[in-house]
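Engineer: After the sequence you'll find the predicted model.
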Amino acid sequence: MWYFSRWIVRLDKFVSYTLDITRSDSKRLIKAETITVNDKLITDIGFNIDENVDIVKYLDDVLEYEKYIYLMLNKPQGYISATIGNEPTVLDLISEYKKYKLSIVGRLDKDTEGLILLTNDGALNHILTSPKSSIYKKYYVEVAGVFKEEDVELFKNGLNITDGKGNLYTTLPAKLEIINKTSAYISIKEGKYHQVKKMCSKVGKEVVYLKRIQIGKLNLDPNLELGEYRKLEEDEIKYLNSLT
């Protein structure tokens, strides 16, 4: 279990955070005799608990505060990778965890689908998105044009493209795995502006469909439909933390 930085906290605040509801709603639940502390019914909204010792329940469910939230989202097209904006954002797809001020780990273009991670763990976010990171991100791509075997070596050697500011840039070695003439897997360690699209354009292909399917060894859950999300499993979180 993760805990607040304080040992003692008001019951209404604890209920508010653990159930992700407003403080007013948490007070109503307490007064409605739905909250117990160590199996004793508590109706005093100002009751203090020691979260490291006391067991708080809402009806029959034990309430536990999570310091960090880690979500996997299958991003659909039409959403921008931002927390706020004039267009629909990926956070508009998240109906829970509003209190946790989630940040996006690795952005995707508006018309790109697939794996996005969201978390309030700033240290992990920094590691995963740092330019110094050597973590591959894998994409499934479909193109107008024809992939050729010589393209594999071109991707491996690096391609000259422009970054988001228009500066000429040579990409780090990338992996191109050809599936057939018009589709492939592309793995890159960077996340330059429109990088996969620009790399494909450099070798004479236009990307018509792009989906991120993997970050490191973390795969997009095939059971997630577009727009759906889930919390990461403990082993998935442990893996991401091992990258630090």
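Structural biologist: Thanks, I have it.
Engineer: Quick one: mean pLDDT over the longest strand along the chain.
Structural biologist: For the chain, the longest strand by residue count, based on DSSP state E, is strand 206-215. Mean pLDDT, strand 206-215: 98.
Engineer: For whatever helix or strand comes next after it, enumerate the helices and strands it packs against.
Structural biologist: Going down the chain from strand 206-215, the next helix or strand is strand 218-219, by DSSP states H and E. Where contact means 3 or more Cβ pairs under 8 Å, 6 or more residues apart in numbering; DSSP states H and E, strand 218-219 is packed against strand 113-119, helix 234-242. All C-beta atoms are positioned from the backbone trio N, CA, C, and that covers glycine.
Engineer: Tell me which of these is the most buried.
Structural biologist: Highest mean neighbour count among these (mean count of other Cβ atoms under 10 Å): strand 113-119, with a mean of 23.
Engineer: packing partners for that strand?
Structural biologist: strand 70-75, strand 103-105, strand 206-215, strand 218-219.
Engineer: go with 10 Å
Structural biologist: strand 70-75, strand 103-105, helix 122-129, strand 137-144, strand 206-215, strand 218-219, strand 229-231, helix 234-242 (3 or more Cβ pairs under 10 Å, 6 or more residues apart in numbering; DSSP states H and E).
Engineer: for the shortest one, the distance to its chain's centre please.
Structural biologist: Averaged C-alpha coordinates place strand 218-219 at 12 Å from its chain's average position (Cα atoms, centre = their mean, to the nearest Å).
Engineer: Partner strands of it, with direction?
Structural biologist: strand 206-215 (antiparallel) (DSSP bridges).
Engineer: what's the angle from the partner strand to strand 137-144?
Structural biologist: Angle between the axes of strand 206-215 and strand 137-144 is 160 degrees (criterion: axes from the mean of the first three to the mean of the last three Cα atoms, to 10 degrees).
Engineer: please renumber so the chain begins at 227
Structural biologist: From this message on, residue numbering opens at 227, which makes the last subject strand 432-441.
Engineer: Output strand 432-441 as PDB, restricted to C-alpha atoms.
Structural biologist: Extracted C-alpha coordinates of strand 432-441, given in PDB (Å, rounded to 0.1, in the frame of the first residue of the first chain):
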ATOM      1  CA  GLU A 432       3.700   7.700 -47.400                       C
ATOM      2  CA  VAL A 433       2.300   6.500 -44.100                       C
ATOM      3  CA  VAL A 434      -1.400   5.900 -44.300                       C
ATOM      4  CA  TYR A 435      -1.800   4.100 -40.900                       C
ATOM      5  CA  LEU A 436       0.300   4.200 -37.800                       C
ATOM      6  CA  LYS A 437      -0.100   2.500 -34.500                       C
ATOM      7  CA  ARG A 438       2.300   2.200 -31.500                       C
ATOM      8  CA  ILE A 439       2.200  -1.300 -30.100                       C
ATOM      9  CA  GLN A 440       5.100  -1.600 -27.700                       C
ATOM     10  CA  ILE A 441       7.300   0.500 -25.400                       C
END
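Engineer: sorry, back to before: now, of the helices and strands packed on strand 339-345, which is deepest in the fold?
Structural biologist: Using mean count of other Cβ under 10 Å, strand 296-301 ranks as the most buried of the helices and strands packed on strand 339-345, with a mean of 23.
Engineer: Next, format the helices and strands packed on strand 444-445 as a markdown table and append mean pLDDT.
Structural biologist: A markdown table is the format used below for those (pLDDT from 0 to 100):
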| stretch | mean pLDDT |
| --- | --- |
| strand 339-345 | 97 |
| helix 460-468 | 93 |
